[in-house]
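S.K.: Just to be clear, the model below is a prediction. Sequence and coordinates:
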Amino acid sequence: MSATSRGRIPAELLSFFRSIGGHSLLIKGDAGTGKTTLALQLIEELAEEQPDYYMSTRVSDEALYRQFPWLEEKAKRNQVLRMGRAFLSKTKIKLPHDPSSDPKLRVAKDLLRALGTSDSTRVVARSELLKLEGQIEAGDIGREGALIKPELDEETMILDIGAILPELELAYDVVEVNLPKKTFMVLDSIDALAERYGFDPQRIMSTLQTDLVEKTGANITYVMETSAKNIYDYLGDGVVRLCNEQDDGRRVRELVIEKLRGQRVDRWKYPFTLVDGRLRVFENYWLKMPDEMEKHASVPDPSKESVSTGNPSLDQMLIGGLPRGSLALLEIGEGVPQECVRALEYVLIADFLSKRRGVVWFPLFGINYVVLERHMKRLAGKDNLPFLKVLDKDSEITKGFDFVSVIEGSDATQDLRLNNLRYLLSSAQEPFLSVLGFDALESAYGPDLLPQVNVHMEAMKRTGSVVLAEATSDSASLKQLGHRAHIHLKLESLAGTVMLCGQKPHTPYHYLDFEGVKDKITPELVPLV
Amino acid sequence: MGDIQQRELFQLIADDYVARILSATYSAPLTIQQISYRCEIPIAMAYRRVAQLEENGLLKCAKEEEGRRGRRIKYFSCAVRSVNLSFHDGAFSLHIDPLS
């Protein structure tokens, strides 16, 4: 399984469980928020260092077994362990001195090892468990509640006679047989187990905390079926809450690290997705433009009526790229780094240039022309650079750069006149692309810019070319552009993580994964579902 | 039978768990784990109810065995043939017919 398809969980959680001593973690959240998925991925990540024990109160869950194929085998193993333990306790089998002398007993030896026999020299403290069982036997604890559905068939249950809390007793046995290695245990869910037993989850947590976590050094994760703060938050060493909210009809999932005792937590809130049934948190990836660009591989246009954005992932999100003769708006929210915007611009522009199509660019943010020239030569090829025209008012700065065109800067209707641009781009093919940074245009031409630019935009649309308007949340033109645009995309920062979403068409949030891509500027879009 | 004891018995008899326990243990003795399983009662409540029933003479310990880690395992059986609750002349009364 690849690193991406395994999902990704916060490094803080893994460090927490790897640090010295035992630790307990409470994973809380409403139904369907990914609690079990997180717990099982923790087991996977720690599998090579810490033998695991997954105790589940669920009925068999085929969807879970498909996502975690090893789980079904472990569930069967646990059931065999439980039945075997009960059987052996009833029949009181003792092994001969050398079990390898009889092949039939070798299998029994493994089972007995798994159940904790007299030949084991390491033991787990059981004082709190015995105290709890004593109180149950005395009838001192228990709460009125609904009837329960038994987990095992009666034959198996009969074999288990004498075990008051068979699931917990088996857990102790498993921890014991794994010593001196630290066992990583998951109880899913602590609420259901407590309901089955008929007393408060607090009793189970405090018993295991003392015997297994503190005295034996085991790691325990409890899954709890509620997201509300409660008294159980104080009993564990760590609390993680999985939240599922909605924002303008889009799902927003957040993993919140409420506490991790003894662990440094640099980041306490992560947006995450459950795409393909795996939990993957989105990191705050600070995009740094590579010094050396890789050549952009031209992306075929999705159809005769549309052009590619240069990013197949983005074309798919838009259900077929940018329609010819359209206005697309890229809205940039607060806290979005310029590098993210620049990466999207570069890829779109490079794709047009590589197809020998003309591009006119009035940048939203200031550009270093030396760097731009170097980057575009690598991305689109030196021979295609003449098809790019960057518009700038300052003739002194633009000297020596053939791809920069000086404009008057007093009347946008004249400066952006299509015939003028066709003259500048006479050797280029159509459709053209114009990329217009509206905040910068407003600085140059004043806030009442839209009627002037509108002439250009309408002309571009009528000739089947594409206009990409870029506007921050401060732009005076944003609202009008939002109404007029055929495509409306928005870059937003969610808890410091940059996400892209479609307003038109309406899409979920998508994470821009720059890390996993070869060229480092064409992000894979990962949906937040 | 004192008032308090009678009230406790009334409450026990009216309890759903108790009705299940007495029915389940009538034909053969059962351990508390078996009672919990067959009557679908959480184990802690099963222990509590069995203790209350034994204290009030409605259940009795039929036999004992040694279990895992030296624990004593008790089997309980229903100790009554019939329980009749009646209302007569303005008062409730409870008549319990024990099994010999």
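M.R.: Yep, that arrived.

S.K.: roughly how far is whatever helix or strand A:Arg422 lives in from the heart of the chain?
M.R.: Taking DSSP states H and E as the definition, A:Arg422 sits inside helix A:418-424. Relative to the chain's own centre, helix A:418-424 is displaced by 46 Å; criterion: CA atoms, centre = their mean, to the nearest Å.

S.K.: Just the buried positions in it, please.
M.R.: A:Leu418, A:Leu421, A:Leu424 (16 or more other CB atoms under 10 Å in any protein chain shown). Where you see a C-beta, it was placed from the backbone N, CA and C, and this is true even at glycine.

S.K.: pLDDT and distance to chain B added to those residues, as CSV?
M.R.: Shown next, in CSV, are those (pLDDT from 0 to 100; distance: CB to the nearest CB, whole Å):
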residue, pLDDT, distance to chain B
A:Leu418, 89, 78
A:Leu421, 89, 78
A:Leu424, 89, 81
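
S.K.: CA-only coordinates of stretch A:191-203 in CSV, if you can.
M.R.: Coordinates of each C-alpha in stretch A:191-203 appear next as CSV, following Å, rounded to 0.1, in the frame of the first residue of the first chain:
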residue,chain,number,x,y,z
ASP,A,191,-19.3,3.5,25.7
ALA,A,192,-20.6,0.2,24.2
LEU,A,193,-18.4,-1.9,26.4
ALA,A,194,-19.5,-0.1,29.5
GLU,A,195,-23.1,-0.5,28.5
ARG,A,196,-22.6,-4.2,28.0
TYR,A,197,-21.0,-4.5,31.4
GLY,A,198,-23.6,-2.2,33.0
PHE,A,199,-21.5,0.5,34.6
ASP,A,200,-19.9,3.8,33.8
PRO,A,201,-17.0,4.0,31.3
GLN,A,202,-15.1,5.9,33.9
ARG,A,203,-14.6,2.6,35.9
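
S.K.: and the residue nearest to A:Gly437 when sequence neighbours are not counted, which of the three is it?
M.R.: Nearest residue to A:Gly437 in three dimensions, chain neighbours excluded: A:Leu364, at 2.7 Å (CB to CB, 6 or more residues apart in numbering or on different chains). Here A:Leu364 is coil, with the state taken from DSSP: H, G, I helix; E, B strand; the rest coil.

S.K.: In terms of pLDDT, where does the closest residue to A:Gly7 other than its chain neighbours sit?
M.R.: Spatial nearest neighbour of A:Gly7, chain neighbours left out: A:Arg278 (3.4 Å); criterion: CB to CB, 6+ apart. At A:Arg278, the model reports a pLDDT of 93.

S.K.: low-scoring stretches of chain B, by residue?
M.R.: Flagging of chain B using pLDDT under 70 yields the residue ranges B:1-2, B:4, B:68-69.

S.K.: what helices or strands is the helix holding A:Arg422 leaning on?
M.R.: strand A:357-362, helix A:450-462 (3 or more CB pairs under 8 Å, 6 or more residues apart in numbering or on different chains; DSSP states H and E).

S.K.: so can I have TSV of the buried residues of helix A:418-424 showing distance to A:Asp173?
M.R.: Shown next, in TSV, are the buried residues of helix A:418-424 (distance: CB to CB, whole Å):
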residue	distance to A:Asp173
A:Leu418	80
A:Leu421	78
A:Leu424	80
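
S.K.: Neighbours of the residue of the stretch 351-500 of chain A found nearest chain B, how many?
M.R.: Going by CB to the nearest CB, chain B is nearest to A:Ala495 of the stretch 351-500 of chain A, at 41.1 Å. Neighbourhood size, A:Ala495 [other CB atoms under 10 Å in any protein chain shown]: 17.

S.K.: Ok, the one 5 residues further on next?
M.R.: When counting by other CB under 10 Å, one arrives at 23 neighbours for A:Leu500.

S.K.: all helices in chain B, in order from the N-terminus.
M.R.: Assigned by DSSP state H, chain B shows helices spanning B:3-14, B:16-24, B:32-39, B:43-55.

S.K.: Figure out which of those helices is closest to chain A.
M.R.: Chain A lies closest to helix B:43-55 among those, at 3.4 Å (CB to the nearest CB).

S.K.: in that closest one, what's buried?
M.R.: If you call a residue buried by 16+ other CB under 10 Å, then helix B:43-55 has these buried ones: B:Ile43, B:Ala44, B:Met45, B:Ala46, B:Tyr47, B:Arg48, B:Arg49, B:Val50, B:Ala51, B:Gln52, B:Leu53, B:Glu54.

S.K.: Just the angle for that helix relative to helix B:16-24, thanks.
M.R.: With axes from the mean of the first three to the mean of the last three CA atoms, to 10 degrees defining the directions, helix B:43-55 sits at 70 degrees from helix B:16-24.

S.K.: Could you tell me which residues of chain B lie near chain A?
M.R.: B:31, B:33-34, B:37-48, B:50-52, B:65, B:67-69, B:71, B:73 (CB under 8 Å from any CB of the partner chain).

S.K.: Low-confidence ranges, the stretch 51-200 of chain A, go.
M.R.: For the stretch 51-200 of chain A, applying pLDDT under 70 flags the ranges A:59-60, A:82-121, A:144-162.
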